[in-house]
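Undergrad: When you get a sec, could you give me coordinates for this:
(2 chains)
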Amino acid sequence: MSKNWPLWEVFVRSKNGLEHRHFGSLHAADAEMALENARDVYTRRNEGVSIWVVESKYITASNPVDNGELFEPAQDKVYRHPTFYDIPDEIKHM
Amino acid sequence: MKNKTLYNYILGIADNTLILGQRLGELCGHGPSLETDIACTNISLDLLGQTRSYFQYAAKIKGEDATEDSIAFLRTERQYVNVLLVEQPNTDFAYTIGRQFLFDVYHHLFLQGLQQSKDVNLSAIANKAIKEVGYHQRFSSDWVKRLGDGTEESKQRMQNAIDDLWRYTDELFHTTESDDEMISEGVGVNVSELKEPYYNKVKQVLEEAKLNVPESKWFQKGGKRGIHTEHLGYILSDMQYMQRTYPNMTW
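TA: Model (predicted):
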């Protein structure tokens, strides 16, 4: 039966103030069922305070074939990291 | 035993959650999909958790060597006073959902009443349980609508389940002697008053699910007096096997 149900991606906010994080995916026939299934599958051990579900087909993903042009150019641009500044001693926790 | 009526009253509540929890637990690993399997097992565990709270309290009242386990596992069939509805089998997923739905609507109304109990232990258990049961009701109602308003086959199966289980609903609103006494003391819930809101709510969901509301006026009863359908014996032989075979065993 679940073979025919569409796939949904589940995002859970683990506590207030944090962002929703991708937790996994599941099958469900409709949005309401996806939400209930997500509650039962991913938050039964008190993992969350909020759930988002979105049908997987609505996610546009980058193609691994394009990884070269998408991500490699960033590899040798270390100057984009803010690591070239001397941080004054008074500033802690940076 | 000092307060036998209260003890009996608690069994009348907790045997329902125990037997329904056990029934749903049978689906663990056998649900129609991974997601519904986990959902049913979660509900089963909620119900068994509530049962433990009730039986721990009952064991205190009973005294002697009574424990939650001895009350759950060491009674004979006639000593269980759950309603007939909760012992009905998982014939198919529509029956599982139908049974759950017809019980959940009652259970939620009942716990609302029990929150007002003068017995602080019972009202505390009700306060905790009602949140769980609110979710159970949402889950089972959604499924009734999904199956009823789904395909031709799912609609037929859901209708069959409702038609077959309908005869067990009236018993929910019968009061026993211990019920009457506990009601007069402000401890118990007068379930006969829940009948109207119950059928209103059930009808509302069935109509949304595009299902027929059964019109049959013929109802089965007996569970509350220990007279059960043939299914309970099988449940008990499964459930009691370990304690009967290895008395006092623990994990």
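Undergrad: going forward, measure contacts and count neighbours with C-alpha atoms only.
TA: OK.
Undergrad: Report the distance from the one helix or strand in chain A whose mean pLDDT sits lowest to the chain centre.
TA: Sorting the helices and strands of chain A by mean pLDDT, DSSP states H and E puts helix A:67-71 at the bottom, at a mean of 89. Counting by Cα atoms, centre = their mean, to the nearest Å, helix A:67-71 is centred 20 Å from the centre of its parent chain.
Undergrad: Next one: the residue of chain B positioned farthest from its centre from B:M158, what distance?
TA: The centre of chain B is farthest from one residue, B:E152, which by Cα atoms, centre = their mean lies 29.3 Å away. Distance, B:E152 to B:M158, by Cα to Cα, to the nearest Å: 10 Å.
Undergrad: and what of B:L111?
TA: 26 Å.
Undergrad: Just want to know which of those two has more residues nearby.
TA: Ranked by neighbour count (other Cα atoms under 10 Å in any protein chain shown), B:L111 and B:M158 place B:M158 first, with 28 against 24.
Undergrad: Chain B: helices as residue ranges?
TA: B:4-25, B:34-62, B:68-73, B:93-114, B:120-148, B:152-165, B:177-184, B:195-208, B:231-245 (DSSP state H).
Undergrad: Next, the residues that contact the shortest one from outside, please.
TA: Where contact means Cα atoms under 8 Å, 6 or more residues apart in numbering or on different chains, the residues beyond helix B:68-73 that reach it are B:18, B:52, B:55-56, B:58-59, B:239-240, B:243.
Undergrad: Try it again at 7 Å.
TA: Residues outside helix B:68-73 that contact it (Cα atoms under 7 Å, 6 or more residues apart in numbering or on different chains): B:52, B:55-56, B:59, B:240, B:243.
Undergrad: that older thread, now render the helices of chain B as a markdown table, adding mean pLDDT.
TA: Shown next, in a markdown table, are the helices of chain B (pLDDT from 0 to 100):
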| stretch | mean pLDDT |
| --- | --- |
| helix B:4-25 | 96 |
| helix B:34-62 | 95 |
| helix B:68-73 | 94 |
| helix B:93-114 | 98 |
| helix B:120-148 | 96 |
| helix B:152-165 | 97 |
| helix B:177-184 | 95 |
| helix B:195-208 | 97 |
| helix B:231-245 | 95 |
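Undergrad: Skipping adjacent residues, who's closest to the residue of the stretch 101-250 of chain B at minimum distance from chain A in space?
TA: In the stretch 101-250 of chain B, no residue comes nearer to chain A than B:F139, which is 7.2 Å away by Cα to the nearest Cα. Excluding the flanking residues, the one nearest B:F139 by Cα to Cα, 6 or more residues apart in numbering or on different chains is A:E36, at 7.2 Å.
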